[in-house]
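> here's my sequence, what's the structure:
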Amino acid sequence: MRIDVLPIGLYQENSIIVHDHDHVLLIDPGRYPDIIAAKISPKEAVDAVILTHGHDDHTGAVDDLAERYECPVYIHPADDAMLRIRGSAADGGSVKTVYAETEPLRDGEMTIGTFPVIVYHTPGHSPGSVCIRYRSALFTGDTLFAQSIGRMDLFGGDEDEMRESLLRLWDLDDALNVYPGHGPATTIGHEKQFNYYFRRAKAGQSL
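Next comes the predicted model:
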């Protein structure tokens with residue numbers, strides 16, 4: 001397995017490419033589809049685009065890449081409506097409508113293309129936020145960052161839901177590698193030691 005993390009766009013959103021045995025998953029392709037496509041070999045098959053949530057900075061290249069690779073797009077149903085909004089309601093900024101048809105991400109084990117993944121529904125940043133586990137990697141979108149967490153003051157954010165979502169992640173293996181939607185990679189174990197918000201969630205305190 002190889003993971004490419006491309007911090008691109010105004011908010012340096014991490015567009016992530018997971019390569020394994022000549023198959024690819026695209027996670028949160030936020031902008032600049034040509035930059036993302038340049039990291040994919042012609043011999044590789046793109047199995048799917050997966051969205052950890054529906055905010056515009058994570059979805060801007062979806063239509064181009066879904067059409068280019070003729071692959072499905074997956075998102076949790078609670079955030080699917082965000083893809084269809086044009087305006088400022090979804091994330092406090094400019095929103096680009098996504099036209100691609102989507103498939104639902106459901107909590108639990110799924111097989112997406114050739115990738116057996118585990119989906120964790122982790123609302124708090126948005127109603128349909130999810131984290132995706134594949135092998136030793138956990139892609140956390142805007143739920144968990146290195147020594148921080150996602151905002152809860154945007155449309156659909158909720159502190160109580162975020163606390164419960166962080167508790168789900170707390171129970172995962174310390175050695176699990178975490179690839180957030182913004183910022184550097186980390187591990188669950190590191191966040192248990194050094195993430196102020198993660199530790200407050202475990203203690204049942206306000207975030």
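> so Ser15, which state does it fall into?
The three-state assignment at Ser15 reads strand, by DSSP: H, G, I helix; E, B strand; the rest coil.
> show me where pLDDT drops low in the chain?
For the chain, the stretches flagged by pLDDT under 70 are 85-97.
> contacting residues around Ala146?
Listed by Cβ atoms under 8 Å, 6 or more residues apart in numbering, the contact set of Ala146 reads Val178, Pro180, Gly183, Pro184, Ala185, Thr186, His190, Glu191, Asn195. For glycine as for every other residue, the C-beta is placed from the backbone atoms N, C-alpha and C.
> in a strand, the fourth one, correct?
Right, Pro184. No: assignment of Pro184 by three-state DSSP gives coil, placing it outside any strand.
> mind checking how far it is from Asp160?
In this view, Pro184 and Asp160 are 28 Å apart by Cβ to Cβ, to the nearest Å.
> how many neighbours does Arg2 have?
Arg2 is flanked by 9 other residues according to other Cβ atoms under 10 Å.
> wait, it touches His19, no?
Yes: between Arg2 and His19 a contact is recorded at 4.4 Å, counting by Cβ atoms under 8 Å.
> what comes up buried for stretch 102-112?
Thr102, Glu103, Leu105, Met110, Ile112 (16 or more other Cβ atoms under 10 Å).
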